[in-house]
Structures are given as C-alpha cells and as structure tokens.
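Trainee: Coordinates only, no sequence provided:
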Ligand code: GTQ
Ligand code: FE2
C-alpha cells in the first residue's frame, strides 16, 4: 500500500472516523473473506444407514415438513455448494410429507424404493428409480407413499442462492394433500419434446414438463453414446425444457452422464458448481489434484473453478446424475471455462480423498 501524506496517528484517526460513519476504506479489504466450497464425497455405505435411521427418529408432519438429511459442505454453514443444497429424503410406507410451496426451486432424483408420488400443481407424478421430478419455484407439492417399501430420493434446491438474494418465501397448503387434478399430465402434454400444445405460452421461466422418466433418459444417453461425446464429460446430456431447449429451471440445470468403460476424460474448470450422484457403476473423479473414488450411491461436490476430470477403469458403464448452477452463471454472463492443457489434459494426482479429518 502506498503511504499517503499522513502520520500513522492521523491514519488511525481517519480509520476511526470512517468506522464511525459506517464507511469502509476499500483498500483495507476487510470482511471480504469468502468461504471456499470444498470438494467432498459422501459414501453411500455411510449415508444410507443414517437415512434409514432418520425414519425412526422423526416423522414428517406440519412441524417437521420434510425428513431430510442435507449434504452439508464442511466449509459452509448452509449448502452443499454456495448455490445448491442437496439432501436425502426418506418417506416410509403410508406417510405424507404435507403440501406447501416456496420460492426456492427443487428437483427430485429418485434413488430407491417404490409407491411414492409427488403431486406438483395437481399433477400426480409416480416416482421410480432414475426419474427426475421438478417442483419449480412457488409450485404446490406434497409427497405421498401408497407403497409398502421405503423410498429415498435426492433433493436439490437453490436455497443458498435464494437466501442470499433475500427472496425466500414459504406457504403451507391448508390440507396435507392438495387436490389431484390429473396423473402424469405433464408427461402427456410435454414429453414428446419436439411437439407441444399449440395454444400455450412458451415463455414460462421453467419447464412445463416436470417429470422425466428413466427409460427415456437412458434411451437418449444410449443413442448419443453411439455417435458423439465430450472430451471433458464423456457422454453428457442436459435435461432440457422442451419449449425452449434450455435448462429445465431458471436457477438449476440437471445432467445425466455416461462415463464409458475405459474412458479417462480431459480436465477442465468453469465458474459453475455441481453436486453429483453416482447412479450406477464405479469410477473416479480427480478434483484439484485429489482423487475421489466412487461407487454406486456416492455423492460428491465439484466446486466452482476447480479442475476436474472423470475416469472409468471398470468394464461396466458408469452413470452420473448432477445438479448444476449453470443457468444462474450463464444468465448473468459470468460463465468462464478453461481446459487443462498440460500433461495431455490430465492433472497430476497429489492425494486421495479419505473423508473428513476430524
Ligand atoms: O420435499 O418439499 O430437501 O421443501 C428441503 C425443503 C425438500 C420438499 C428439501 C423442501 C423439500
Ligand atoms: Fe418443499
């Protein structure tokens, strides 16, 4: 810092007076520390028993709202990344997670179990493993079990972002269940993708299709794998809003990725962050030089601007689902991406992730 024409005592007096006037000298850069989001991995073998145990600890009702265990990034007070909060939700046979709506948007990625439907704005969506269900901002939603097995799914919400924007609102529905007006209507109206109801407005800020079935998803992935792939993400597809071709939501994008046997992708980094779930198969990610080995059910974080690459040394397909904050970054013109050029695009591995050092 270049010293001005004042004595140290005068400088101190100046800082005392700016402090008094609630003015912060920009050259001191005080209070600008930003918590770093750290790359992290949750092992399914450790998480699943706790999710099941949460079923004995608490029951969803008006007070509890949701029986969820959030993936808490160790570097953050709230959130899995600075924009996304991911959580594991359990619903037991016969239970109801009562209807409400909120300005934060949610996605549901179905992991295991059966017999649960989520009603979104009156439309009953039966959830099966591998399905993606959207509950966009301010849409009514309740989860109901009519099966005889527990169901677990991954929730992804933009709550950290919405909280920071001071735009969080919440409302309960007067009854536990909202009235059902249809079953699978969003699929019937919008899932054909290339064709849509002619009389409807297409300028909604989120996808009108809010249920993406696994069989169609896998079909699309398989077809793409026959003809093309990305050097950084291998066979990667973004779920899209059929009306716009863009992201499914204004704040979050969802991806499904096939990392084929024998593939080791090139590393890159970008200003978007992501939460991944290992849907099938085994492999690894190298994030900022650290190796994260993953197997089915594991969940991991790729923070913004961290180098990352994927590998699959097995002979089986690996399938990764992810929630990303691309729409936020891109709509604000803050997207930046860089390819790792050295060593044929592969980072040197400096360590192996082995959980939180407590
Ligand atoms: O299922 O509606 O993980 O409102 C957090 C807040 C799930 C839900 C969460 C929620 C929900
Ligand atoms: Fe909710």
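Mentor: Yep, it's here. Owing to the predicted nature of the structure, the values given are computational and were not obtained by experimental measurement. Ligands and ions are numbered 1, 2, ... in the order given.

Trainee: all helices for this structure, in order.
Mentor: Counting by DSSP state H, the chain has helices at residues 8-20, 44-57, 159-164, 185-190, 214-227, 326-331.

Trainee: Not counting its neighbours along the chain, what's nearest the residue in the stretch 101-250 of the chain positioned nearest to ligand 1?
Mentor: Closest contact between the stretch 101-250 of the chain and ligand 1, by C-beta to the nearest ligand atom, is at residue 155 (3.5 Å). The way it works is simple: take the backbone N, C-alpha and C, and place the C-beta from them, glycine included. Setting aside the residues directly before and after it, residue 155 is nearest to residue 87 in space (C-beta to C-beta, 6 or more residues apart in numbering), at 4.5 Å.

Trainee: Name whatever forms a beta bridge with that neighbour.
Mentor: Note on residue 87: beta-bridge partners by DSSP bridges are residue 70, residue 155.

Trainee: who's in contact with it?
Mentor: Residues near residue 87 by C-beta atoms under 8 Å, 6 or more residues apart in numbering: 66, 68-71, 154-155, 157.

Trainee: Could you rerun that using 10 Å?
Mentor: Neighbour list for residue 87: 51, 66-72, 80, 106, 153-157, 159 [criterion: C-beta atoms under 10 Å, 6 or more residues apart in numbering].

Trainee: Enumerate the residues of the protein near ligand 1.
Mentor: Contact residues, the chain versus ligand 1 (C-beta under 6 Å from any ligand atom): 66, 68, 87, 89, 97, 102, 106, 141, 155, 157.

Trainee: Confirm for me that the fourth one is in contact with residue 58.
Mentor: No. Here residue 89 lies out of contact with residue 58, judged by C-beta atoms under 10 Å, at a distance of 11.8 Å.

Trainee: For those two, list the residues in contact with both.
Mentor: Both residue 89 and residue 58 are contacted by 66-68, under the criterion C-beta under 10 Å, 6+ apart.

Trainee: Give me the subset of those lying in strands.
Mentor: Members of these lying in strands (criterion: DSSP state E): residue 68.

Trainee: before we move on, the earlier item: ok, the residue of the stretch 101-250 of the chain closest to ligand 1 - how many residues close by?
Mentor: Residue 155 is flanked by 20 other residues according to other C-beta atoms under 10 Å.

Trainee: heads up, I number from 210, so please use that
Mentor: Taking 210 as the first residue, the last one we looked at is residue 364.
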